[in-house]
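1. Just to be clear, the model below is a prediction. Sequence and coordinates:
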Amino acid sequence: MKNHTIEPGARIVTIERHILDRQRDFPDASGTLTQLLYDIAIAGKLIASHTTRAGLADILGQTGAINVQGEEVQKLDVYAHRTMFQLNDHTGRLAVMGSEEEDDIIPIPAKYPTGKYVLLFDPLDGSSNIDVNVSVGTIFAIFRRKTESGPGTLEDCLQPGSAIVAAGYIVYGASTMLVYTTGQGVHGFTLDPSIGEFLLSHPNIRLPQTPKYFSANQGYHKRWSNGVQRYTRWLQGEDGGPSGLSLRYIGSMVADIHRNLLRGGVFYYPADAKAPNGKLRLLYEAIPIGFLIEQAGGYASDGRQPICQIQPTELHQRTPVFIGNRDLVEKAEEYIAKYDG
Ligand code: AHG
Ligand code: MN
Ligand code: MN
């Protein structure tokens, strides 16, 4: 299978057809997972329709609220959060949800049935970029509930990446793409606005062997540990490091990861003097993105251990992340072990 290129005249494959064609690979033969991914795709279309006219639909700017992260809540954060919730609260497919924008777990309203899946999401990733027309995204992770029945619990949400059922993101960029994995490879769908459907455009995405980029906010260089500072200089070609890596940093994790997934590279948001656990959230940023990148042949680490092996203990806990080509991420672990003890 050629790496994510579609032959001209190839058959039209929607998300549903893609999953049905490969139903045998899916642990859930009932199609519930297919429908859940479809619900997320519809939410993505609705959010996309708002991001493309954010400047017109009174969706720019802040709400004046501060979320559990201590960050200014953007209007589009709220819209995206509400859309993800409303597309999923009544379907009977979920036992519970968790969102970056809600302090606690989000129960399924009592009037609706509960189901066997758990949905954790970052409704709008890259909020600081909304008002300046730079790509943003939505990130999701799907687990199977651990509790037997009744309303889902925090325990159902606090699961390691090794237990994940499906993960993915929607990136609202020059085009809107949905990229997902259920553990059988990574597949990309591009939204055709003329028909409002996501069509398979990037089957079986694999990280290129030869990376092109490294992505980090070097404005924080002084706050980084000795090991991370030395690692960064290695990425720039010192100490026998690679020659020719370019620095690309957008400030929306989804957009930075998507570019590196297609072109190869490493994205890292390390711990720093002000944020001892880094900034990114384990459950709905690091785990889904880390699992997906590993499905494409890469590796996700917190600098010392695989992200997908970390047992979450809190809904919004943060973690340092180093995600991308395995050799680049393992080199980060090497520098941290050697210089940070
Ligand atoms: P969110 O908008 O969901 O809070 O996520 C923003 C995150 C992530 O998308 C990005 O990589 C990082 O914040 C950028 O942080 P800095 O501006 O500190 O580099
Ligand atoms: Mn985010
Ligand atoms: Mn967010």
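-> Looks like it came in fine. Ligands and ions are numbered 1, 2, ... in the order given.
2. And stretch 316-324, end to end?
-> The straight-line separation of the ends of stretch 316-324 (C-alpha to C-alpha, to the nearest Å) is 23 Å.
3. now it: how far from the chain's centre is it?
-> 11 Å (C-alpha atoms, centre = their mean, to the nearest Å).
4. quick one: average pLDDT of that stretch?
-> Summarised as a single mean, pLDDT over stretch 316-324 is 98.
5. go on, stretch 43-54?
-> pLDDT averaged over stretch 43-54 gives 87.
6. Tell me which residues of it come out buried.
-> 43-45, 47-51, 54 (16 or more other C-beta atoms under 10 Å). Quick note: C-beta positions are derived from backbone N, CA and C, even for glycine.
7. and the stretch 101-250 of the chain, which residues reach ligand 3?
-> 122, 124-125 (C-beta under 5 Å from the ion).
8. Go again with 8 Å.
-> 101, 122-127, 139 (C-beta under 8 Å from the ion).
9. So which of those residues sit within strands?
-> Judged by DSSP state E, strands contain the following of these: 122-125, 139.
10. from these, which are also near ligand 1?
-> 122, 125 (C-beta under 6 Å from any ligand atom).
11. which one of the ones in strands among the residues of the stretch 101-250 of the chain next to ligand 3 has the most neighbours?
-> Leu124 (31 neighbours; other C-beta atoms under 10 Å).
12. can you name the two of the ones in strands among the residues of the stretch 101-250 of the chain next to ligand 3 that are farthest apart?
-> With C-beta to C-beta as the measure, no two of those lie farther apart than Leu124 and Ile139, at 9.4 Å.
13. what comes up buried for stretch 303-313?
-> 303, 306-308, 310, 312.
14. Outside of that stretch itself, list whatever touches it.
-> 157-162, 164, 227-228, 270-271, 282-283, 286-287, 290-291, 294, 299-302, 319-323, 332-333, 336-337 (C-beta atoms under 8 Å, 6 or more residues apart in numbering).
15. same deal with stretch 328-338?
-> 211, 214, 225, 227-228, 230-231, 234-235, 242, 265-266, 268, 298-301, 303-304, 322-323.
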